[in-house]
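>>> pasting a predicted model and its sequence here:
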Amino acid sequence: MQPYILVMEDEDALATLLQYNLEKEGYDVAVAADGEEGMLQIDERLPDLVLLDWMLPKLSGIEVCRRIRGKAETRNLPIIMLTARGEESDRVRGLDTGADDYLTKPFSMVELIARIRAVLRRIRPGLADDRLNHGDIIIDRVSHRVKRSGQEVHLGPTEFRLLDHFMQHPGRVFSREQLLDAVWGSDVYVEARTVDVHVGRLRKALAIADESANPIRTVRSAGYSLDLEG
């Protein structure tokens, strides 16, 4: 089951960016633009984790945090606070109010995802056991380990992200540009041919035996896809 994350953020551009990147990581995401709306959404559906902006309209992030911690049914709800306030006293205040972690803007999405996984691992370990299975390949997204036919497959970080993306969409053909956007990010300039290099490395790593069918298929003039019978 996908962990459900509620993003409470009033900056539209940042909220959209957070939702896009979290959904890309496989999370179920909802967004609330102010503190009151966020509390209503929590009452309607209890999230597995809240990303909470400090400076929310109508009801501040600090007050939302206090209310969440003050109710029995939400007392143990994991909270990561997002804020432009980087002073040590502010961080201490946020953590003292009940936040489980604190991230100062601007932050990288890579760090945010790592913090989310760490908080879920610590507070809700059952949700952090995040695995994808397809055919004879198993990918453990928490420990960053991959096995094929029971044998360990050693991948670099980029090859791991490539395989993770393919396994979320088995059978779908992705162009080099789509893979660049999904794996490297739209804000990073990388030549399209770089995709070919990393796909080649991934294929080599997955070829654990001569008789192993290569799961990554080249689609002429289109791109690449993961072709395995699940």
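Yep, it's here.

>>> and the closest residue to L112 other than its chain neighbours, bridged to which residues?
Counting by Cβ to Cβ, 6 or more residues apart in numbering, L112 lies nearest to L103, which is 6.3 Å off, once chain neighbours are set aside. Backbone N, C-alpha and C define where each C-beta goes, glycine included. On the basis of DSSP bridges, L103 is bridged to L82.

>>> in contact with L103, which residues?
Counting by Cβ atoms under 8 Å, 6 or more residues apart in numbering, L103 makes contact with 80-83, 111-112, 115.

>>> how close does it get to W54?
L103 sits 10 Å away from W54 when distances are taken as Cβ to Cβ, to the nearest Å.

>>> overlap in contacts of those two?
Shared contacts of L103 and W54 (Cβ under 8 Å, 6+ apart): 81-83.

>>> walk me through the domains of this structure.
2-121, 129-224 (the TED database).

>>> end-to-end on the longest one?
This points to domain 2-121. 14 Å (Cα to Cα, to the nearest Å).

>>> out of the contacts of L103, which one has the weakest pLDDT?
Ranked by pLDDT, the contacts of L103 bottom out at T83, which scores 82.

>>> pLDDT-wise, which helix or strand of the protein ranks last?
Every helix and strand of the chain was ranked by mean pLDDT, DSSP states H and E. The lowest is helix 125-128, at a mean of 60.

>>> neighbouring strands - and their directions - for whichever helix or strand comes after that helix?
Using DSSP states H and E, the helix or strand that follows helix 125-128 in sequence is strand 131-134. Here strand 131-134 has these sheet partners by DSSP bridges: strand 137-140 (antiparallel).

>>> can you give me the buried ones in the partner strand?
Across strand 137-140, burial judged by 16 or more other Cβ atoms under 10 Å covers 137-139.

>>> let me see the mean pLDDT of that strand.
The average pLDDT within strand 137-140 is 86.

>>> tell me which of the domains of the chain is the most buried.
When those are scored by mean count of other Cβ atoms under 10 Å, the highest mean neighbour count falls to domain 2-121 (a mean of 17).

>>> that older thread, the residue nearest to L112 and A118, how far apart?
Going from L103 to A118 by Cβ to Cβ gives 12 Å.

>>> can you redo the buried residues of strand 137-140 as a markdown table with distance to L162?
Output for these, formatted as a markdown table (distance: Cβ to Cβ, whole Å):
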| residue | distance to L162 |
| --- | --- |
| I137 | 13 |
| I138 | 16 |
| I139 | 11 |
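
>>> which one of those is nearest A213?
I137 (11.2 Å; Cβ to Cβ).

>>> what are the bridge partners for the closest one, then?
For I137, the beta-bridge partners are H134, R148 (DSSP bridges).

>>> quick one: it and Q151 touch, right?
No - assessed by Cβ atoms under 8 Å, I137 is found out of contact with Q151, at 10.6 Å.

>>> leaving out chain neighbours, which residue sits closest to the most centrally placed residue in the chain?
In the chain, the residue lying closest to the centroid (Cα atoms, centre = their mean) is E25, at 3.4 Å. Leaving aside its sequence neighbours, E25 sits nearest to I113 (Cβ to Cβ, 6+ apart; 5.7 Å).

>>> touching, the one you found and E23? I think so.
No - contact criterion Cβ under 8 Å: I113 and E23 do not qualify, at 11.8 Å.

>>> picking that back up, rank the domains of the chain by pLDDT, which is bottom?
Per-stretch averages of pLDDT across those put domain 129-224 at the bottom, with a mean of 83.

>>> what's the span of stretch 95-102 from first residue to last?
End-to-end span of stretch 95-102 (Cα to Cα): 7 Å.
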